[in-house]
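J.: Have a look at this fold, sequence not included:
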Ligand code: FEO
Ligand code: CA
Ligand code: CA
Ligand code: CA
């Protein structure tokens, strides 16, 4: 069937088949090399990874666990360049790889310490906390192969203990103040960092997603003193027993001890990778929810737009619009651009139109009488504000990306098996396989108005098996092969030609590896999906990220071997090392074409 497919899509690679085995697979003619593994040293003094002797001190000098978002920021060949010169260089052979470390699974990460649970001893808890957060790593392409620059002055680890600042309308608000931080402006750490985004002023936005897993306690115990927190902690599904044991070292992770602590997570955090001394900053103007990503659209002289999804069943898609304009001539002037502006939630109408609804204090439903004393309350409880204005509840919004060629916006809805009532934008009652929406802001390709409050939308792909019966049936562009269908779209990237690359998380539940698919978004190959990369078993695929020249594609293979019944002592794969005694390790891979050309060309 390939011969029939190739004339209608711009993507020329030969597809790989669906599979499920111990290793990764890439389309023929491409090289897939492991660049960075969990535990790899980033600094000259860092110890080599020792899975049986992990510690917080060692992990804080090593690449963290479970890589998710990847951002690439160029470094000019001239080391004396300033930030604007680095960015303008668009260098695709030297840069800063900025990588989220979303989470860990203690039973996969640690050996069982005697009778105790894995991850529960003080030494293991310290290692666990240091394995989260973010890494900035200088990388360089030498003789066609990417290498890590060990001990680069840019190399940096941000962990669950790194001090961060809080800025924007909710900074210092009483609901963000705790016993340890009466200022409400200094929060230890960032964690649950899922996807993210890059700004044109040279910073990284990292999105705090499943912060709920780190907190534990009974919300009924705070009902009388903190009714709003009790309500919201339940909505975020904070459980009596947290997944991690951090509250043994830091009681603030017990919501009965410190009911306000969770209000300090679930934000978008801005990191300046060019300045290793700059503290990460939590930008409260973008709202608090389970931020999956933060995708920036910026035109010189116009306000900046940041799109973000709230990845939980029946939650919302958000847009932030800055009050001030993007200054392309003096990048330093954008330093606090994300601290003032308007947050919106999306409403999708069944006629294919949509509207961004402002979450502005004082508007109907958003007044003190409605339980929002100020804009800070709206931002801290952005979900309640979106409820109040009648936004549309979505099927777990994951990544949002804009097509650099057409300006259209793509949203992955990964799945939602809990949906009660369907609508045109969430058409399945039991959405096992997920779908992809395409939003068209007003205007024409290349000149779309992301500041407009209305848009058009349609379903781009209904994921799932095209041979399945009834509502489960998948729907793709004509010519999609038996390998081209997938389930559970999660992370997106666009290549420089404006083709959509789709990473999945959950296809493994259908007995097939998760991986990467690609499609044109227009022309005769529109939504014709082709299978490019497959993960080792148990892994999901994260972080697709292209260099500016489109010749390298970085991929984050997350949680290899995370399968039912497997643990540290009984792994189902030893990817990528395949060495006895070395556990499976989440890793960043660099994909290049053997002939040196553009990926997917
Ligand atoms: Fe961290 Fe929604 O994936
Ligand atoms: Ca994700
Ligand atoms: Ca993305
Ligand atoms: Ca996911």
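T.: Right, received. Where do you want to start? Computed from a prediction, not measured in an experiment: that's the story for all the values here. Residues are numbered from 1 along each chain as shown. Ligands and ions are numbered 1, 2, ... in the order given.
J.: Could you check how far the residue nearest the centre of the chain is from residue 217?
T.: Closest residue to the average C-alpha location of the chain: residue 195 at 1.2 Å, with Cα atoms, centre = their mean. The gap separating residue 195 from residue 217 is 28 Å, by Cβ to Cβ, to the nearest Å. Using the backbone N, CA and C atoms, a C-beta is placed for each residue, glycine as well.
J.: Tell me which residues touch residue 580, please.
T.: Residues touching residue 580, when contacts are defined by Cβ atoms under 8 Å, 6 or more residues apart in numbering, comprise residue 574.
J.: Could I get the full set of helices for the stretch 1-150 of the chain?
T.: Under the criterion DSSP state H, counting those that start in this stretch, helices of the stretch 1-150 of the chain are mapped to 2-5, 56-59, 83-89, 106-109, 122-131.
J.: need those in TSV with mean pLDDT, mean neighbour count and distance to residue 583, can you?
T.: As requested, those are exported to TSV (pLDDT from 0 to 100; neighbours: other Cβ atoms under 10 Å; distance: least, Cβ to Cβ, whole Å):
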stretch	mean pLDDT	mean neighbour count	distance to residue 583
helix 2-5	49	11	38
helix 56-59	98	20	14
helix 83-89	98	17	36
helix 106-109	97	20	7
helix 122-131	98	22	13
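J.: Looking at these, spot the one closest to ligand 4.
T.: Checking the helices of the stretch 1-150 of the chain against ligand 4 by Cβ to the ion gives helix 106-109 as the closest, at 16.9 Å.
J.: All the helices of the stretch 151-300 of the chain, in order from the start?
T.: In the stretch 151-300 of the chain, the helices defined using DSSP H, counting those that start in this stretch lie at 227-235.
J.: Over in it, which residue gets nearest ligand 2? Let me know.
T.: Evaluated by Cβ to the ion, the stretch 151-300 of the chain has residue 194 as its residue closest to ligand 2, separated by 5.0 Å.
J.: Not counting its neighbours along the chain, what's nearest residue 51?
T.: Nearest-residue entry for residue 51: residue 583, 5.4 Å, with adjacent residues in sequence omitted and distances by Cβ to Cβ, 6 or more residues apart in numbering.
J.: ok, now residue 365?
T.: When the adjacent residues along the chain are set aside, residue 365 lies closest to residue 388, with 3.7 Å between them (Cβ to Cβ, 6+ apart).
J.: tell me the contacts of the one you found?
T.: By Cβ under 8 Å, 6+ apart, the contact set of residue 388 is 365-366, 370.
J.: Show the contacting residues for residue 563.
T.: Per Cβ under 8 Å, 6+ apart, neighbours of residue 563: 508, 537-538, 572.
J.: Return the members of these classed as buried.
T.: 508, 537-538, 572 (16 or more other Cβ atoms under 10 Å).
J.: now, which of these sits nearest residue 254?
T.: Minimum distance to residue 254 across the buried ones among the contacts of residue 563 is 31.3 Å, recorded for residue 538 (Cβ to Cβ).
J.: Can you get me a residue count around residue 257?
T.: Applying other Cβ atoms under 10 Å, we find 16 residues neighbouring residue 257.
J.: In space, what's closest to residue 232 - neighbours in sequence excluded?
T.: Counting by Cβ to Cβ, 6+ apart, the residue nearest residue 232 is residue 381, at 5.9 Å.
J.: Which residues are in contact with the closest residue to ligand 4 within the chain?
T.: Of all residues in the chain, residue 505 sits closest to ligand 4, at 3.8 Å by Cβ to the ion. If a contact means Cβ under 8 Å, 6+ apart, then residue 505 has 398, 414, 488, 490-491, 514, 540-542 as its contacts.
J.: Quick one: neighbours of the residue of the stretch 151-300 of the chain closest to ligand 2, just the number.
T.: A count of nearby residues for residue 194, using other Cβ under 10 Å, gives 26.
J.: quick one: contacts for it?
T.: Contact analysis of residue 194 by Cβ under 8 Å, 6+ apart lists 68-69, 100, 102, 207-210, 291-293, 311.
J.: related to what we said a few turns ago, which of the contacts of residue 505 come close to ligand 2?
T.: Checking these against ligand 2 by Cβ under 5 Å from the ion, the ones in range are 398, 490.
J.: between the contacts of residue 505, which is nearest ligand 3?
T.: Checking the contacts of residue 505 against ligand 3 by Cβ to the ion gives residue 491 as the nearest, at 5.0 Å.
J.: and the strand or helix carrying the closest one, what does it pack onto?
T.: Taking DSSP states H and E as the criterion, the element that holds residue 491 is strand 489-494. Contacts defined by 3 or more Cβ pairs under 8 Å, 6 or more residues apart in numbering; DSSP states H and E place strand 489-494 against strand 397-402, strand 409-413, strand 500-504, strand 540-546.
J.: just checking, what packs against the longest one?
T.: Think strand 540-546. Other helices and strands packing on strand 540-546, by 3+ Cβ pairs under 8 Å, 6+ apart, are strand 67-74, strand 489-494, strand 500-504, strand 515-519, strand 552-558.
J.: for these, which one sits closest to residue 478?
T.: Proximity to residue 478 (Cβ to Cβ) singles out strand 515-519 among these, at 11.9 Å.
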